[in-house]
Every structure is written in C-alpha cells, then in structure tokens.
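J.: with the input below, show me the fold.
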Amino acid sequence: MAIKRGEDLESDAIVKLRAELGQSLNATVRAFNLISEVVQLGPLGGKLSNATKVRPLLLQRIITDLRCCTILAERGYGIQASAVAACVFEGWVTLAAIRDEKAAIRWASHRKENVSSGEIRDLTLSAVKIMDDGLKDKEVKNLADQYYGHYRQLCMAKPLNPLVERNRGFVRRGDKLIEFVHGPDLSKLGLWHVRYAAYSSGLFAMFGLGAFCWTEGPPLTKETMSEISSIHAELQASRPVRKE
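T.: Model prediction:
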C-alpha cells in the first residue's frame, strides 16, 4: 500500500468533508464573516471607555478561535477542533460578563497567570440570563446547566481524557490486526467530533455576537439582522445527533 504524506491526507480530507459536512462548515464560515463585519462597526476613534475597549477585543478573540476551529474541522482534526471550540465558549461567557466599566476594569486588571478571570460555570449562568430576560430562575439554571454540559464535552479533548483517546487513532483489520493511523480522522467517531466541533464553535460564536450587540449596540442593518437569523437557522439544521 502506498504511503501518503500527512499533507496529502489533509487535502483528501478537505474534499470529503466539504462534500459531506457542507452545511456545518458553511455556517461557521458565514458566522466568521458576519462577526468580522460587526466588529468593524464600533467606534474607531476618540476617547473610549474601558468596556468599549475590552468587548471588541474579546469578540476578536472569539472569531479568531472560530476560524481556527473551522480550519481544523475541515481537515479532519475533530478532537483538536473541539478543544478550540471550548475556547469559543469561554470567549462568549467572558464577553457576556463585561456589562459595565467596573467589570471591564476588573477583567483588564487580572494578574494571575494560572487562573481565569472567572469561574466558567458562574459566567455561563450570567451569560444565559442576558440571552432572554423573560426566563424564570429555574429555566435560566436549567439552560445554563445544559450549555455548561456542552462545554464540558468539548473540554474532554483538552487533557487527553481516556474516554476520548482510547476509542480513536486506530482501525481494526480482521480479528487481531490493529493499524494505527495518523493525520485526519475520518472514522465514524472522527466525523462525529468534526460535526460537534463545527456546530459548537458556530453556535457559541453567534452567542458571543449577541452578547456584544446587547452591550455595544452597533448599528445593524436589516440585512445584517436577517443574516444573523439565517445563520442561527443553518446552525440548528446542522446540529449533530449522536447515534450509538
């Protein structure tokens, strides 16, 4: 059997994944382009508040991570893409917490290298509250728990959790022979990770955009609002369902 270089395996993966996962990947690209445009609608000069400095900075991080996740996903690196998608989630809940000057100054004054600026679970609860102020406390908690559980699934890819690692990276050839594989993972499980990462990164990036618009109030056109709704619809249509 001819041995292919890793770069060639990636090229093959891109062709296959774009054909099979077009909707998922398309939604993340649309989200990236849209948020990139919205970031540029903010103030470009004059004296800016601390909050107005911090919020675009965090939104820029969100879309950069979103783009990196897309690049990894379309090359068949679902595990790695999931780890970056977790960063998109962290960007969303952190951005949502910067609602005023006091919060922005507290974030910018953070000095601990080994500790984040806030507990992700607490930030998630706070972020969900501003998504829909019509929800009751119990509904907010349930939704926050749901999203935090989603985040924890993504985080499993970060520390080489055996629950993730022991089922990937090899294929069976017959009853006894095992072949270890490198590069893109296009197995059934690998494709699941790709779908999950792409969907998750797009969803939470759009949540981040919502938090930004809620606080900054950029001048969005009807066309932009329509695109936001369309991307959310495409993301929901591409939501992966795990089949055992």
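J.: just give me the residue right at the centre of the protein.
T.: residue 201 (2.1 Å; Cα atoms, centre = their mean).
J.: can you give me the distance of residue 186 to residue 132?
T.: Per Cβ to Cβ, to the nearest Å, residue 186 is found 38 Å from residue 132. The way it works is simple: take the backbone N, C-alpha and C, and place the C-beta from them, glycine included.
J.: show me where this structure dips below the pLDDT cut-off.
T.: Within the chain, the segments meeting pLDDT under 70 span 1-2, 42-46, 165, 169-174, 176-180, 243-244.
J.: what's residue 48 sitting at in phi/psi?
T.: phi -100, psi 150 (degrees, to the nearest 10).
J.: that one: how many residues sit nearby?
T.: 13 (other Cβ atoms under 10 Å).
J.: offset the numbering so it begins at 519, please.
T.: Taking 519 as the first residue, the last one we looked at is residue 566.
J.: tell me which residues in the longest helix belonging to the chain are buried?
T.: Ordering each helix of the chain by length in residues (DSSP state H) puts helix 706-734 first. Across helix 706-734, burial judged by 16 or more other Cβ atoms under 10 Å covers 708-731, 733-734.
J.: same thing with stretch 533-550?
T.: Applying 16+ other Cβ under 10 Å to stretch 533-550 flags 535, 539, 542-550 as buried.
J.: what does that stretch rub up against?
T.: Stretch 533-550 is touched from outside by 581, 584-585, 587-588, 591-594, 704, 709, 712-713, 716-717, 719-720, 723-724, 727, 745, 748-749, 752-753, 755-756, 758, with contacts defined as Cβ atoms under 8 Å, 6 or more residues apart in numbering.
J.: same thing with stretch 737-757?
T.: Against stretch 737-757 from outside (Cβ under 8 Å, 6+ apart): 539, 541-542, 544-545, 548-549, 552, 555-556, 559, 713, 716-717, 720-721, 724, 727, 731.
J.: please apply the same query to stretch 553-560.
T.: Outside stretch 553-560, the residues touching it (Cβ under 8 Å, 6+ apart) are 570, 574, 577-578, 580-581, 584, 723-724, 726-727, 730-731, 734, 736-738, 742.
J.: please save the CA atoms from it in PDB.
T.: The C-alpha coordinates for stretch 553-560 follow below in PDB (Å, rounded to 0.1, in the frame of the first residue of the first chain):
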ATOM      1  CA  ILE A 553     -18.900  38.800  13.100                       C
ATOM      2  CA  SER A 554     -15.800  40.200  11.300                       C
ATOM      3  CA  GLU A 555     -18.100  42.900   9.800                       C
ATOM      4  CA  VAL A 556     -19.800  43.700  13.000                       C
ATOM      5  CA  VAL A 557     -16.500  44.200  14.900                       C
ATOM      6  CA  GLN A 558     -15.700  46.900  12.500                       C
ATOM      7  CA  LEU A 559     -18.900  48.900  13.200                       C
ATOM      8  CA  GLY A 560     -17.700  50.000  16.600                       C
END
